[in-house]
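Engineer: The following comprises the amino acid sequence and a computationally predicted model.
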Amino acid sequence: MKKELEQKHMALLEEAERRAIAPTDNIRACFELLALTGAIDRDCAIRLARHRLSEGKFVLLFLLCDKPDGLSPHELAERAGVTRATITGLLDGLERDGFIARRGGLEDRRKIAVALTEAGQKMARDLFNEHTEWVASLFEGFTANERKTLNDLLERIWRNLGPRRQPVGQDTDARA
């Protein structure tokens, strides 16, 4: 089942063909890769939304899963690769849904620790297993050699992106 390209990509591809300025097979391959990653991202969002979670909230749940004493919002932001402003919104949502609790530090009451509630622990365990099985299933039927070939091809694309690549800052995916 081949996914149709987005309308904007079709328009760009048609114009590139009309102008004949670049190999359109390469352009189409890039747009097909973008369509695939978009479909995976949308499916992921739908799967997590059933549990009242975004990808950002899900990441925080599994980061806290084995931390009974919790982590500070600063540590969570750093480990999740988001800004402190983003972490606040994510934590507010998780707290509202009963998955986390914020508590003051024992030694310094100005410090806050974020820890999973019992409901948060159960969600983190169950959903992590479900989610990783789903991600792994995307490569069902691939041989080890096919996965290596795919990884090698993706690495070549990364290299081709090389010096033209724009630096990626924090918060590349701040969807709450």
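Structural biologist: Ah, there it is. Numbers count the residues shown, from 1 in each chain.
Engineer: how much space between Ala85 and Glu14?
Structural biologist: From Ala85 across to Glu14, the span is 40 Å (Cβ to Cβ, to the nearest Å). Any C-beta I mention is one placed from the backbone N, CA and C, and that applies to glycine too.
Engineer: what does stretch 136-155 contact?
Structural biologist: Residues from elsewhere that reach stretch 136-155 (Cβ atoms under 8 Å, 6 or more residues apart in numbering): Ile40.
Engineer: so where's the longest helix in this structure?
Structural biologist: As assigned by DSSP state H, the longest helix anywhere in the chain is helix 24-49.
Engineer: which stretches of the protein form strands?
Structural biologist: Secondary structure of the chain (DSSP state E): strands at 100-104, 112-116.
Engineer: ok, and which of those strands has the densest surroundings?
Structural biologist: Most buried of the strands of the chain, by mean neighbour count (mean count of other Cβ atoms under 10 Å): strand 112-116, with a mean of 20.
Engineer: Against which helices or strands is that one packed?
Structural biologist: helix 55-64, helix 73-80, strand 100-104 (3 or more Cβ pairs under 8 Å, 6 or more residues apart in numbering; DSSP states H and E).
Engineer: ok, of those, where does mean pLDDT dip lowest?
Structural biologist: Among the helices and strands packed on strand 112-116, strand 100-104 has the lowest mean pLDDT, at a mean of 91.
Engineer: partners of it, with directions?
Structural biologist: strand 112-116 (antiparallel) (DSSP bridges).
Engineer: Can you pull the domain assignment for the chain?
Structural biologist: 1-50, 52-129 (automatic domain parsing).
Engineer: Give me the neighbour count for Ala124.
Structural biologist: Residues lying near Ala124 (other Cβ atoms under 10 Å) number 20.
Engineer: Correct me if wrong: it contacts Lys57.
Structural biologist: No - counting by Cβ atoms under 8 Å, Ala124 stays clear of Lys57, with 10.5 Å between them.
Engineer: Tell me which residues touch the residue nearest to His51 when sequence neighbours are not counted, please.
Structural biologist: In this structure, His51 finds its nearest non-sequential neighbour in Leu127, 6.0 Å apart by Cβ to Cβ, 6 or more residues apart in numbering. For Leu127, the contact set (Cβ under 8 Å, 6+ apart) comprises Leu48, His51, Leu53, Phe58, Leu61.
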